[in-house]
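Colleague: only geometry, no sequence info:
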């Protein structure tokens, strides 16, 4: 879900995706950079992402990943589940109030 | 490209050598990443920047192991459709031969002394083919339903067992076809028209060879990679 969310706004290459994850999580998700690529390949194999080669401004070839229709649908579904789950946990972790009798 | 990144890419390519197209693609992606990362690190010198970029990226073997799981799953999933396509190919070759016999009015059958063998071979051919078709279908469905997450060795083994069962049954069916065709042709004198049934049997044999080679290639690849990365 983290990787899909990072690509949701716009297609991006691996390095930019890692940067985006780090930036949007406020540095909380500072993953070992290499671990993102196998995840990108797996998401592509599951047809949640598509990819193509592009030339960088300095002429290097780089693989750019974008969300597919299926990926967008999956993102909507995962976001809904996460909101439900996190609000349930927030409810549990909230400051305990004295029970009304 | 500097020395450290080149060396790292070399070791990554070596770790991924079990899948050459994956290795090429990954190395190109990783090279771009490492160069970009090195360019952005405010290290004192190029060597230090590259060392830092590699350190942040992680060990080549760890990264390769994560790629291996995805690659093996993809390869294993491809075996099911191959098995099924080859079973259908053999069926088409069989049917084409039978249609050719009918179209040319080929009435000759096995010589009388071989008729018992003919009956047994015909029954064996039929049931072995059904078995190959069912096992091929099961292999396809089972492989396509393997979850995309971590590599499940038990599921992988079951999938290969089904493919191997389909392959073995198909070999039996094709052998029975060879016997039946040989018996049919032995009953009449040689003519160039024999080349048609012989060619159709040849196609069946070639398809079986392709099947055995495909299953063998994938199983040895899986064995190599699982041993190498302890998957």
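Modeller: Right, received. Where do you want to start? Small disclaimer: the values here were computed from a predicted structure and weren't measured.
Colleague: Is stretch B:45-63 positioned near chain A?
Modeller: Yes - applying Cβ under 8 Å from any Cβ of the partner chain, one finds stretch B:45-63 touching chain A at B:56-58, B:62-63. Using the backbone N, CA and C atoms, a C-beta is placed for each residue, glycine as well.
Colleague: what comes up buried for that stretch?
Modeller: Neighbour-count burial for stretch B:45-63, counted by 16 or more other Cβ atoms under 10 Å in any protein chain shown, picks out B:49-54, B:56-60, B:63.
Colleague: Identify all contacting residues around that stretch.
Modeller: The contact list for stretch B:45-63, computed with Cβ atoms under 8 Å, 6 or more residues apart in numbering or on different chains, reads A:32-35, A:37-38, B:2-5, B:8, B:11-12, B:15, B:30, B:33-35, B:37-39, B:41, B:43, B:229.
Colleague: Only the buried members of those residues: can you turn that into a PyMOL selection?
Modeller: Selecting only the buried entries of the contacts of stretch B:45-63 in PyMOL, with 16+ other Cβ under 10 Å as the criterion:
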select buried, (chain A and resi 33+34+37+38) or (chain B and resi 4+5+8+12+15+30+33+34+35+37+38+229)
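Colleague: Among the contacts of stretch B:45-63, name the ones in helices.
Modeller: A:37-38, B:3-5, B:8, B:11-12, B:15, B:30, B:33-35, B:37-39, B:229 (DSSP state H).
Colleague: Surely residue B:160 touches residue B:76?
Modeller: Yes - with contact defined as Cβ atoms under 8 Å, residue B:160 counts as touching residue B:76 (7.5 Å).
Colleague: Please, which helix or strand holds residue A:53?
Modeller: strand A:49-55 (DSSP states H and E).
Colleague: what mean pLDDT does that strand have?
Modeller: Strand A:49-55 shows a mean pLDDT of 91.
Colleague: Identify the residues contacting residue 4.
Modeller: Since no chain was named, I'll use chain A. A:43, A:48-49, A:67, A:71, A:74-75, A:78.
Colleague: Let me rephrase: I mean chain B.
Modeller: B:47, B:50-51, B:54.
Colleague: Apply 10 Å and report the result again.
Modeller: If you count contacts by Cβ atoms under 10 Å, 6 or more residues apart in numbering or on different chains, residue B:4 has them with B:34, B:38, B:46-54.
Colleague: Sweet, I'm off.
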